[in-house]
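A.B. asks: the sequence and its predicted three-dimensional model are supplied below.
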Amino acid sequence: MVIIIISVLAAIAMPRWSLRDSSVHAQAAQIARDIRHVQMLAMTQGRTLTFQSLGTSYRCVDSGSVVITDPATQQPFNFTLQNGVTLTVGTVNFDSLGRPVSGGSLVSAADIPFTVSGTAQNSTLTVTRVTGFVAVSP
């Protein structure tokens, strides 16, 4: 009887769980941390840095569009998304005070959204205008 109950519960729960779906949320959280890291690097290095999404990868570049070396890892700040997860193409520039800027002016018109997508799940990353705070939902 116990085996039958466990089998029924497993049959119900299994379709709801997918490696790609959990990967979407995990990668969205990692991307949010990396955007915050780019913001902190811009502040500590006293220069404008850009978080650049390329769809299946993302990177941090300087004003000359050169991928920077992450001082924390001593590796190029360039990451490829896994398990078929994609990220909307776009950029966000952070000035030396960690604020989102566009063309040298503060981004004040609208927040900057990025969507992380997998097979059946999406997460939205939002970089808040003026402050650069990064939020993930769901």
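C.D. replies: It's in.
A.B. asks: Asp34 versus the nearest residue to Pro71 once chain neighbours are set aside, what's the distance?
C.D. replies: Of all residues not flanking Pro71 in the chain, Leu41 sits nearest, at 7.4 Å (CB to CB, 6 or more residues apart in numbering). For glycine as for every other residue, the C-beta is placed from the backbone atoms N, C-alpha and C. As for Leu41, its distance to Asp34 is 10 Å (criterion: CB to CB, to the nearest Å).
A.B. asks: higher neighbour count, these two?
C.D. replies: Using other CB atoms under 10 Å, the more surrounded residue of Leu41 and Asp34 is Leu41, with 21 against 18.
A.B. asks: surely that one is within a helix?
C.D. replies: Yes: Leu41 sits within a helix when classified using DSSP: H, G, I helix; E, B strand; the rest coil.
A.B. asks: per-residue confidence at it?
C.D. replies: Note for Leu41: predicted pLDDT of 98.
A.B. asks: residues touching it, list them.
C.D. replies: If you count contacts by CB atoms under 8 Å, 6 or more residues apart in numbering, Leu41 has them with 49, 60, 68, 70-71.
A.B. asks: the spatially most central residue of the chain is in what secondary structure piece?
C.D. replies: With the centre of the chain defined as its mean C-alpha position, the nearest residue by CA atoms, centre = their mean is Ile31, 2.4 Å away. Using DSSP states H and E, the element containing Ile31 is helix 19-45.
A.B. asks: still on that earlier bit, what touches both of Leu41 and Asp34?
C.D. replies: Cys60.
A.B. asks: need the three-state assignment for Ala109.
C.D. replies: State at Ala109, reduced to three classes by three-state DSSP: coil.
A.B. asks: residues in contact with it?
C.D. replies: Taking CB under 8 Å, 6+ apart as the criterion, Ala109 is in contact with Arg129.
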